[in-house]
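**Q** my questions are about this predicted structure, shown below with the sequence.
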Amino acid sequence: QVQLVESGGGLVQAGGSLRLSCAASGRTFSRYTMGWFRQAPGKEREFVAALSWSGGRTLYADSVKGRFTISRENAKNTVYLQMNSLKPEDTAVYYCAGDRGGSFLYSRPSDYDYWGQGTQVTVSS
């Protein structure tokens, strides 16, 4: 079993930056594909970014490409989401997720096995 705990959310002005962290428990974290999703009020949960277990492959939603960067430190059991040039439409609860399969980069929430509780990101205009 893996537990995921996000942190780093907050209130930021448009154009600003935030770095989210997701700390994972469990010895097999390094084998998991990790992803970030977000959910705004009244909307479905949407894919943001995914990262392979080695960190060598990434996948981004078009809406964040060039602005967000996903990374991981397996020695610290932590995955990050660096968010730059934030826009009001980035406002959402951000969730990290883990896929124990570890072979592919998925963008559907149903493909992930473990979820954190979420952290709120609010971008003011």
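**A** Nice, I can see it.
**Q** pull out the buried positions in stretch 58-67.
**A** For stretch 58-67, burial by neighbour count (16 or more other C-beta atoms under 10 Å) applies to 59-61, 64. To be clear about C-beta, it is placed using only N, CA and C from the backbone, and glycine gets the same treatment.
**Q** nearest to Arg27 among these?
**A** Distance to Arg27 across the buried residues of stretch 58-67 (C-beta to C-beta) is lowest for Leu59, with 25.3 Å.
**Q** quick one: the strands in the chain?
**A** With strands called from DSSP state E, the chain shows them at 4-7, 10-13, 18-24, 33-39, 46-51, 58-60, 68-73, 78-83, 92-99, 114-115, 119-124.
**Q** the closest residue to Ser124 other than its chain neighbours and Cys22, how far apart?
**A** With sequence-adjacent residues excluded and distances taken as C-beta to C-beta, 6 or more residues apart in numbering, Ser124 is closest to Gln13, at 5.4 Å. Here Gln13 is placed at a distance of 24 Å from Cys22 (C-beta to C-beta, to the nearest Å).
**Q** Ala49 now?
**A** Where Cys22 is concerned, Ala49 sits at a distance of 12 Å (C-beta to C-beta).
**Q** common neighbours of those two, please.
**A** Taking C-beta atoms under 8 Å, 6 or more residues apart in numbering as the criterion, Ala49 and Cys22 both touch 36, 81.
**Q** give me the pLDDT value at Gln13.
**A** In this model, Gln13 is scored at 98, pLDDT.
**Q** that one: how many residues sit nearby?
**A** Gln13 has 10 neighbours, counted by other C-beta atoms under 10 Å.
**Q** check the one 4 residues further on too.
**A** Each residue near Ser17 was counted by other C-beta under 10 Å, and the total is 11.
**Q** so who does Ser30 touch?
**A** Counted by C-beta under 8 Å, 6+ apart, Ser30 has contacts 53, 74, 77.
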